[in-house]
Every structure is written in structure tokens, then in C-alpha cells.
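*Asks:* Please work out how this folds:
(one chain, ligands or ions: 1)
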Amino acid sequence: MNLPSLARFSERLLAPLYSTPPTRSHNTESIAIEGRNLSFSFASRQVKFVPILRDCSIRIPSGQFWMLLGPNGCGKSTLLKILAGLLNPTSGEVCVKGPKSFVFQNPDHQVVMPTVEADVAFGLGKFNLTNDEVRSRVSRALHAVGMSDYMQRSVQTLSGGQKQRVAIAGALAEACKVLLLDELTTFLDENDQMGVIRAVRNSLDTSAEVTALWVTHRLEELEYADGAIYMEDGRVVKHGDAASIRSFIEARQAAYIEEINS
Ligand SMILES: Nc1ncnc2c1ncn2[C@@H]1O[C@H](COP(=O)(O)OP(=O)(O)OP(=O)(O)O)[C@@H](O)[C@H]1O
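*Replies:* Reported below is the predicted structural model:
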């Protein structure tokens with residue numbers, strides 16, 4: 001499998017390395033993404049175990065847009081990859097609704113076909129759909145991400161954010177239930193950043209079936225989220241609604257600045 005098609009990983013294309021049966025929920029809320037007591041360590045030449053994640057538990061209700069924040073190196077991408085089934089946890093359990101899709105940071109690794117329409121239709125070959133069904137799914141998915149006018153465009157002419165939106169449309173066309181999005185706005189200018197984040201928000205608003213977890217460094221993006229998780233040093237420090245997580249991080253940053261200025 002080459003790099004671009006790996007970047008369009010979906011659990012149907014690549015069997016998950018790790019999965020667990022669905023769990024019971026004690027309340028009526030349906031949970032789309034759950035990790036229980038997840039720990040993860042690397043083995044290095046010098047040290048047998050380098051702990052990266054320590055006893056992380058998260059629960060994300062279906063149909064919601066959640067964000068995962070924390071300082072560089074705290075383990076956000078590692079946690080996301082474990083939820084995607086791309087890495088095995090050292091211990092703990094994962095339960096994520098399928099089909100799920102993982103969208104990577106680099107927009108140039110997201111698109112694999114020459115035109116937007118062909119790219120969004122790329123993953124549909126395995127479903128045995130009629131041409132009309134394929135066209136209808138592609139058109140609905142492009143509409144959800146605000147890219148309907150670009151159907152015939154060459155993917156090489158798209159901006160980074162437009163490529164990310166096409167990749168998300170590809171996942172939606174495959175009826176993906178969970179989107180795992182790893183720092184998509186890192187390489188984008190402000191306009192493109194907003195385009196991608198609004199595309200995800202709109203995709204969730206148009207289909208109650210889709211749940212998204214978005215890794216970011218940008219506090220301002222929390223405005224679009226229903227909930228958020230804040231990590232530090234491999235641990236989940238706080239988990240809750242987006243506004244309270246934002247206040248918590250701002251207070252944490254203010255205390256840190258005060259400390260280094262004192
Ligand atoms: N393949 C690897 N081998 C050894 N250590 C690794 C490997 N991949 C990640 N790490 C380490 O694990 C820790 C967590 O990395 P991760 O990429 O999950 O953090 P992050 O919070 O996503 O960081 P950033 O915000 O900078 O992208 C870091 O200290 C990183 O150096």
C-alpha cells in the first residue's frame with residue numbers, strides 16, 4: 001500500500017490492529033468513542049519502556065464534535081492512533097464505532113485521484129453501488145463539506161484546506177461514523193483553517209450519525225466543539241464541555257506565565 005492510500009486509511013481497507021466488542025452504556029446516551037484506562041509505552045535501545053500514555057480514559061457521545069488539546073508531545077496523536085486502531089495500547093480497552101476514518105495532518109497525503117469527484121468516489125468501489133448511487137453519495141458528501149462547485153477540479157489545483165475537505169468528503173461518502181482528525185489545520189492559512197473546521201461542523205450538523213475527534217493546538221477552534229479533552233504528560237487532565245475546558249486551559253496558561261515572570 002503506498003503512502004497516499006495509507007493516508008486514506010479506513011478500517012474497511014485495513015483491518016484494525018486492535019478492536020474490542022461494543023460496551024454497554026449505563027445511561028441512555030450513545031457513546032461513539034471510548035477509551036478505558038489506556039496506557040502506551042515505546043521500547044527504546046536505552047530504556048526498556050518509555051511511557052507515552054498513562055491510564056487515559058475518554059468517552060465521546062455519538063453525533064458530537066470533540067477536540068483533543070495539550071502541549072507538544074503530551075500524547076494526543078498517539079491516543080488518536082490508538083483509537084483508530086493504528087497502534088495497539090500497552091493496556092486498556094478501546095471501543096470506537098465503525099466505519100471510522102483517520103485523516104492525517106499533511107494535506108498532500110490526503111488525495112489520491114486526479115479529480116475531486118474521482119477522489120471522493122475512490123473508496124466506494126468496494127460497495128457494489130450503481131453509478132447513480134455513487135454520484136449521489138459523492139454529491140451529498142461534497143455538499144456537506146462545502147465543495148460542490150469543485151467536483152470536476154483537478155486535485156492538484158486545490159489549496160491544502162480544500163484537499164482536507166475532499167478527504168473528509170471521501171470518508172463521509174463511505175458512510176463513516178467516526179472521523180479522527182489529526183491536526184488538520186497545522187499547515188493551513190487562516191481562511192483554509194476555518195474552511196476545514198466549518199466543513200467538519202457542518203458534516204456533523206447534517207448527519208446525526210457522524211462523530212468527530214479533532215486534535216488541535218488552537219484554543220479558538222474550541223468555539224466549534226461540543227466537548228474537549230485536555231492532556232498533559234500522557235494523562236487526561238480534564239474532560240468536559242468546550243467552554244469549561246477553554247477556561248481551564250486559559251487559567252493554566254496564565255498561571256504558567258505568572259510563574260515564569262515571578
Ligand atoms: N515512534 C516513536 N518512538 C519513540 N517515541 C515516540 C514515537 N512517536 C511518538 N513518540 C513520543 O511520544 C510522545 C507523544 O507524542 P505524540 O506525537 O503523541 O504527541 P502530541 O501531543 O501529538 O505532540 P504534538 O502536539 O507535538 O504533535 C512524544 O514524546 C514523542 O516524542
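*Asks:* Could you point out the helix or strand that follows the helix-or-strand element of the chain with minimal mean pLDDT?
*Replies:* Least confident helix or strand of the chain, by mean pLDDT, DSSP states H and E, is helix 3-7 with a mean of 37. Counting by DSSP states H and E, the next helix or strand C-terminal to helix 3-7 is strand 31-42.
*Asks:* Sheet partners, orientation included, of that following strand?
*Replies:* Using DSSP bridges, the strands paired with strand 31-42 are strand 50-61 (antiparallel), strand 91-96 (antiparallel).
*Asks:* how distant is the longest one from the center of its chain?
*Replies:* Shown here is strand 50-61, whose average C-alpha point lies 16 Å from the average C-alpha point of the whole chain (C-alpha atoms, centre = their mean, to the nearest Å).
*Asks:* For that strand, output the C-alpha coordinates as PDB.
*Replies:* Presented in PDB, the C-alpha positions along strand 50-61 are these (Å, rounded to 0.1, in the frame of the first residue of the first chain):
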ATOM      1  CA  VAL A  50       9.200   4.900  27.600                       C
ATOM      2  CA  PRO A  51       5.800   5.700  28.900                       C
ATOM      3  CA  ILE A  52       3.800   7.900  26.500                       C
ATOM      4  CA  LEU A  53       0.200   7.400  27.700                       C
ATOM      5  CA  ARG A  54      -0.700   6.700  31.300                       C
ATOM      6  CA  ASP A  55      -4.200   5.400  32.200                       C
ATOM      7  CA  CYS A  56      -6.200   7.600  29.800                       C
ATOM      8  CA  SER A  57     -10.000   7.300  29.800                       C
ATOM      9  CA  ILE A  58     -12.300   9.200  27.500                       C
ATOM     10  CA  ARG A  59     -15.900   9.000  26.400                       C
ATOM     11  CA  ILE A  60     -17.400  10.900  23.500                       C
ATOM     12  CA  PRO A  61     -21.200  10.800  22.800                       C
END
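*Asks:* Check whether that strand comes near the ligand.
*Replies:* Yes - using C-beta under 6 Å from any ligand atom, strand 50-61 reaches the ligand at residue 52. For every residue, glycine as well, the C-beta is placed using N, CA and C.
*Asks:* What is the next helix-or-strand element following that strand packed up against?
*Replies:* On the C-terminal side of strand 50-61, the nearest following helix or strand under DSSP H and E is strand 65-69. Counting contacts by 3 or more C-beta pairs under 8 Å, 6 or more residues apart in numbering; DSSP states H and E, strand 65-69 packs against helix 76-84, helix 190-206, strand 211-215, strand 227-232, helix 242-261.
*Asks:* Since that was my last question, I'll sign off now.
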